[in-house]
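> Would you be able to build a 3D model of this:
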Amino acid sequence: MAKSPDILWLNVNPGLQCFDRPLLHYLTEHRRVEQWQYRQSPDESSSFEAVLTLLHDDIQRSDAPLHLIGHGTSGLLGLLYAQRHPERVRSLTLLSVGIESAIDWKTHYYNYRRRVPYSRQKVLHQMIGDLFGDTPLSIARELTDLLEQDLDQSLSLHHLFKQVDLPRIPVTVPLLVCSSVDDVILDPNHLRDWQSHFSDSHSRLWICSGGRHFFHYFYSQQVGEEMLSFWRSMSPESNLYPISDLLKASA
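Alright, predicted model coming up:
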């Protein structure tokens, strides 16, 4: 009988899942990883309550607490879940999620729309440089289409006429918070402030050297190595002395 996964990757942005694949591929070479996905129907209203219930129904089937991972809004979902059900969460890795956890790329988009009299697609096209850096025109068009799809098909707190702020969400599970030095969506202070909310010695903040908002796509191996190190730090074996140290002590 196959062993159940110990890591669950959350995805409520199906149109953007292509940016998760390199990191997922790297992680699955080392650990058992499963994906949990939710696609927002155009006829449904966005309800985090309903999605949290669906997620809990699935996680309860696991034999042991899981390591959760989420980027952006998916990370916010993981944060809300870890607050409600810490007994089911071994750790939580947040990618591009600040201490003001409701802020995501859509917040940036809707603020942009209110400031400039451009169409939706033109605003999205203008944002490509912020989110991805210098990009060839043909690829920028494809990325614009992906962002437009994400606006229509993903869970979100925000819409054109209202952006939601959330109070800070304290959790007691170990946290790995990752972002990049050039992620324009997140205020650097919103990342540094995480450190005052870490509840245990395993939690850590890691900043990637580049990659902007989707840094985990461009630097998948570096991000993966940091995740593996984080998970190893919580394993019982990490608390044992190396054999060489034991030999020295007995000499």
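> When you work out contacts or count neighbours from here on, use the C-alpha atoms and nothing else.
Fine.
> and the gap between V33 and L54?
Spatial separation of V33 from L54 under the definition C-alpha to C-alpha, to the nearest Å is 19 Å.
> the more surrounded of the two?
Applying other C-alpha atoms under 10 Å to V33 and L54 shows that V33 carries more neighbours, namely 19 against 12.
> Excluding residues flanking it in the chain, which one is nearest the more buried one?
Using C-alpha to C-alpha, 6 or more residues apart in numbering and skipping residues adjacent in sequence, the residue nearest V33 is I7, 4.8 Å away.
> Alpha carbons only: can I get stretch 56-71 in CSV?
As requested, the backbone C-alpha atoms of stretch 56-71 are provided in CSV (Å, rounded to 0.1, in the frame of the first residue of the first chain):
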residue,chain,number,x,y,z
HIS,A,56,-10.5,20.3,6.0
ASP,A,57,-12.6,17.4,4.8
ASP,A,58,-9.7,16.2,2.6
ILE,A,59,-6.9,16.8,5.2
GLN,A,60,-8.8,14.8,7.9
ARG,A,61,-8.2,11.7,5.7
SER,A,62,-4.5,12.0,6.3
ASP,A,63,-2.9,9.8,9.0
ALA,A,64,-0.7,12.5,10.4
PRO,A,65,-0.3,16.3,10.3
LEU,A,66,0.8,17.7,7.0
HIS,A,67,3.4,20.3,5.8
LEU,A,68,1.3,22.8,3.8
ILE,A,69,2.6,25.1,1.1
GLY,A,70,0.8,28.0,-0.6
HIS,A,71,1.7,31.0,-2.9
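> Quickly list what the residue nearest the centre of the chain is bridged to.
Taking C-alpha atoms, centre = their mean, the centroid of the chain lies closest to H71, which sits 2.0 Å from it. Beta-bridge partners for H71, by DSSP bridges, are L95.
> how near is it to R113?
As judged by C-alpha to C-alpha, H71 and R113 stand 23 Å apart.
> what's the answer for L76, then?
According to C-alpha to C-alpha, L76 and R113 sit 23 Å apart.
> what about L8, which SS state?
The three-state label for L8, taken from DSSP: H, G, I helix; E, B strand; the rest coil, comes out as strand.
> who's it bridged to?
Note on L8: beta-bridge partners E34, L68, judged by DSSP bridges.
> And for it, the neighbour number?
Applying the criterion other C-alpha under 10 Å, we find 20 residues in the vicinity of L8.
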